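Asker: Below is the sequence, then the predicted model.
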Amino acid sequence: MDKEEQKTIFIVEDNAVYAKSLRGFLITHFPEMKIEVFPIGEMLLNVLHRNPNIVIMDYFLNTTYWAAQNGLEVIKQIKEQKPQIKIIVLSSQGNHNVVSEAINQYGCAYVQKEMEAFGKVKQLIEDYSC
C-alpha cells in the first residue's frame, strides 16, 4: 500500500499509559494503518492537514495540561476544517448533554471508557473502513 493510500488514525489522549495501550491494541488489529498519538487536541490541530481518516478523541484533555481545550472544543474545530473525518469520542464523560452534542451535532460515535471499550472502538473502525 502506498503511503498516499495508507489510512491514518490519530488518537488524542492525555493519559500516556491509556494512549499507549490503545495504540498497541490498534496496531495489533490494524497493522496496515498508521496510528499516531497526541496528548492534547491543539497538537492534532497543528497537523490536521495530514488528513487522518479517523480521530479517537478523549473528552477530558486537561489532566496533564491544565490549559488544554476539551474534546468537544477540538471536535468543533476538526469538523469546521475537515468535516469528512470520522470521530470516535472515547471518554469517561458522564454528562449526557456533552455526549449528545458530539453525536448529534458533529456526527461522532461515542464509546464509554470501560472494559469493552477497545473492542467497541475496533468495531467502529472496521465499520468506517468499509
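Answerer: That came in fine, so what should we check first? Here the structure is a predicted model, which means the values were calculated and not measured.

Asker: Quick check: buried residues in stretch 32-47?
Answerer: 33, 35, 37-45 (16 or more other C-beta atoms under 10 Å). Every C-beta, even on glycine, is put in place using the N, C-alpha and C of the backbone.

Asker: show me what contacts the closest residue to residue 41 other than its chain neighbours?
Answerer: Closest residue in space to residue 41, ignoring its immediate chain neighbours: residue 74 at 3.1 Å, by C-beta to C-beta, 6 or more residues apart in numbering. By C-beta atoms under 8 Å, 6 or more residues apart in numbering, the residues touching residue 74 are 12, 41-42, 44-45, 57, 61.

Asker: can you map out the strands along the chain?
Answerer: 8-12, 34-38, 54-57, 86-91, 109-112 (DSSP state E).

Asker: CA atoms of the first one as PDB?
Answerer: Taking Å, rounded to 0.1, in the frame of the first residue of the first chain, the C-alpha atoms of strand 8-12 are listed here in PDB:
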ATOM      1  CA  THR A   8      -4.300   7.000   9.400                       C
ATOM      2  CA  ILE A   9      -5.800   7.100  12.900                       C
ATOM      3  CA  PHE A  10      -5.000   9.900  15.300                       C
ATOM      4  CA  ILE A  11      -5.500   9.300  19.000                       C
ATOM      5  CA  VAL A  12      -5.900  12.300  21.300                       C
END
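
Asker: Okay then, goodbye and thanks.
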